[in-house]
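J.: Quick one, fold the following:
(2 chains)
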Amino acid sequence: MTRWRGAVMHELSLCRSLLRQILEVAEQHRVLAVTVVRLQVGPLSGVEPELLKTAFPLAAAGTLAESAKLNLTATCIEVYCGSCKKRSRAASNQLSCTSCGSCSTQLVSGDELILESVELTLDELSAIKCP
Amino acid sequence: MCVDCGCGKPPGISGPQETASISLLQNLHQQNQDLAAHNREHFSSAGTLVLNLMSSPGAGKTALLEATLRTLQKHYRCAVLEGDLETELDAQRIRALDIPVVQITTGSACHLDAQLVHNALHGMDLAEIDLLFIENVGNLVCPASFDLGQHLNVVLLSVTEGDDKPAKYPVMFRTADLLVISKLDLLPHVGDFRIDRAENFLRALASPAPIISLSARSGAGLDEWLAWLHAHKAQSPVDEARVVENGGAG
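T.: Numbering: from 1, shown residues only, chains lettered A, B, ... in the order given. Got it, this is the predicted structure:
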């Protein structure tokens, strides 16, 4: 198992899940290479984007995605206030309502870790096939 | 012409470098979440209440378990899953109390996941267990992102760590169904830890989790913690599952 600073970061195990999902898609098409992988990463997802970028090439080595570019989009934290019924932006350690100060808010977005899309280079046979 | 459907697209025109963009919108945690849901079904159908204990290393998870199990084993059939990077030291401490324990040695992985827990379940007979404690790997970061199938998350914060930890590790502390402030006996010696400040930081995360301050060493606060466990055990996981199935109607 690949180690990083003595311990395997959880970003690496997430990259392995990511690779499984990407390669499943690649198998369904005749793919020469996966060129771009787009992810949405929320500040409350528990994932450090820089570590994800470090881990991805380790997980992708020797696969169709080994040269893929990892594009990360940071999402915003938004909460819905159960008291004043408003949505507002929030910070990761300040999730109370910015309008009324209530702590009874629900997270609307900010904890997502989503494989948004992939770009693939298709081989000739696949390229002339209808989807 | 297209070899499949004859749509008129002549072969060779696009060359081997044609690209495609495929929209997926898949949750990266999905595989773990599916397995965790599977584990939870096992637990609930066996009537086993499962608690996931998380904290930084050295916050006193094993000490709390020792103090808890001494009393709790008179009321319930308890068992422990021990997650550690290395050694069976914690498992040996629990085994000394005559409590069934399965050690998961993660090697170098910084967290337990649903698959590791599922594998460990093969060494347990859930029908013989009322309460299962999972002692996660000591770490305030990684375990927060991996559902194991537990019913409740208990996060420990020892007074020696500082009262600002909920603000510094929001992902972890948001998951807490209960915050245990541990090593209360040391509070007089660490002048700058304030329980009210820790609570304010937790509430700022929109967490309604109750807070119990205790010392496994002196026994202070243990009654409140045991009462919390009894109250949750009294709500059988099986019954809770039925309530959810009935759309909360009862």
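J.: any weak-confidence spans in chain B?
T.: B:1-16, B:236-250 (pLDDT under 70).
J.: State which helix of it is the longest.
T.: Ranked by residue count, the top helix of chain B under DSSP state H comes out as helix B:30-46.
J.: in chain B, which residue is closest to the centre?
T.: residue B:52 (3.1 Å; CA atoms, centre = their mean).
J.: Give me the contacts around stretch B:134-144.
T.: A:9-10, A:46, B:50-59, B:61-62, B:65, B:80-85, B:90, B:106, B:109-112, B:117, B:148, B:150, B:165, B:169, B:171-172, B:174-175 (CB atoms under 8 Å, 6 or more residues apart in numbering or on different chains). C-betas here are computed from N, CA, C, even on glycine.
J.: do stretch B:157-172 as well
T.: Counting by CB under 8 Å, 6+ apart, A:44-46, A:92-93, A:95, A:111, B:54-56, B:58-60, B:140-141, B:143-145, B:155, B:173, B:179-184, B:186-187, B:190, B:192-195, B:197-198, B:201-202, B:204-205, B:207 sit against stretch B:157-172.
J.: Now which of the residues you listed would you call buried?
T.: A:44-46, A:92-93, A:95, A:111, B:54-56, B:59-60, B:140-141, B:143-145, B:155, B:173, B:179-184, B:187, B:193, B:198, B:201-202, B:204-205, B:207 (16 or more other CB atoms under 10 Å in any protein chain shown).
J.: Among those, which lie within helices?
T.: Those of the buried ones among the contacts of stretch B:157-172 lying in helices (DSSP H): B:173, B:198, B:201-202.
J.: among those, which two are most distant?
T.: B:173 and B:198 (9.5 Å; CB to CB).
J.: which residues do these two both contact?
T.: B:165-166, B:179.
J.: Kindly provide the distance from the residue most central in space within chain A to residue A:17.
T.: Centroid-nearest residue in chain A, with CA atoms, centre = their mean: residue A:39, separated by 3.5 Å. Per CB to CB, to the nearest Å, residue A:39 is found 12 Å from residue A:17.
J.: intersection of neighbour lists for these two?
T.: Residues touching both residue A:39 and residue A:17 (CB under 8 Å, 6+ apart) are residue B:28.
J.: Wait, residue B:219 touches residue B:67, no?
T.: Yes - look at residue B:219 against residue B:67 with CB atoms under 8 Å: they come within range, at 7.1 Å.
J.: Who has more neighbours out of those two?
T.: Higher neighbour count among residue B:219 and residue B:67: residue B:67, with 20 against 12, using other CB atoms under 10 Å in any protein chain shown.
J.: for the more buried one, helix, strand, or coil?
T.: Under DSSP: H, G, I helix; E, B strand; the rest coil, residue B:67 falls in the helix class.
J.: contacting residues around it?
T.: Taking CB under 8 Å, 6+ apart, we find residue B:67 in contact with B:216-217, B:219, B:222.
J.: Quick check: it vs residue B:209, distance?
T.: Taken as CB to CB, the span from residue B:67 to residue B:209 is 21 Å.
J.: And the strands in chain B?
T.: Using DSSP state E, the strands of chain B run over residues B:19-27, B:49-54, B:78-84, B:101-105, B:131-135, B:152-158, B:178-182, B:211-213.
J.: and what of chain A?
T.: According to DSSP E, the strands that chain A contains are A:31-41, A:69-74, A:78-81, A:87-89, A:105-109, A:113-122.
J.: Those into JSON lines, with extra columns for distance to residue B:122 and mean pLDDT?
T.: Formatted as JSON lines, the strands of chain A follow (distance: least, CB to CB, whole Å; pLDDT from 0 to 100):
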{"stretch": "strand A:31-41", "distance to residue B:122": "34", "mean pLDDT": "96"}
{"stretch": "strand A:69-74", "distance to residue B:122": "36", "mean pLDDT": "96"}
{"stretch": "strand A:78-81", "distance to residue B:122": "41", "mean pLDDT": "97"}
{"stretch": "strand A:87-89", "distance to residue B:122": "45", "mean pLDDT": "94"}
{"stretch": "strand A:105-109", "distance to residue B:122": "35", "mean pLDDT": "96"}
{"stretch": "strand A:113-122", "distance to residue B:122": "29", "mean pLDDT": "95"}
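J.: if I look at residue B:124, how far off is residue B:159?
T.: Distance from residue B:124 to residue B:159, by CB to CB: 34 Å.
J.: more crowded one of the two?
T.: Neighbours were counted for residue B:124 and for residue B:159 using other CB under 10 Å; residue B:159 has more, 24 against 19.
J.: I'd like the distance between that one and chain A.
T.: Distance check for residue B:159 against chain A: by CB to the nearest CB, to the nearest Å, it reads 20 Å.
J.: Residue B:153 too?
T.: Residue B:153 is 13 Å from chain A, by CB to the nearest CB.
J.: wait, that residue sits on residue B:179?
T.: No - taking CB under 8 Å as the definition, residue B:153 is not a contact partner of residue B:179, at 9.8 Å.
J.: what is in contact with these two at once?
T.: Common neighbours of residue B:153 and residue B:179, using CB under 8 Å, 6+ apart, do not exist here.
J.: Any stretches of chain A with poor pLDDT?
T.: Across chain A, the ranges flagged by pLDDT under 70 are A:1-8, A:124-131.
J.: Could you rerun that using 80?
T.: A:1-9, A:124-131 (pLDDT under 80).
J.: Show me the longest helix that occurs in it.
T.: helix A:10-28.
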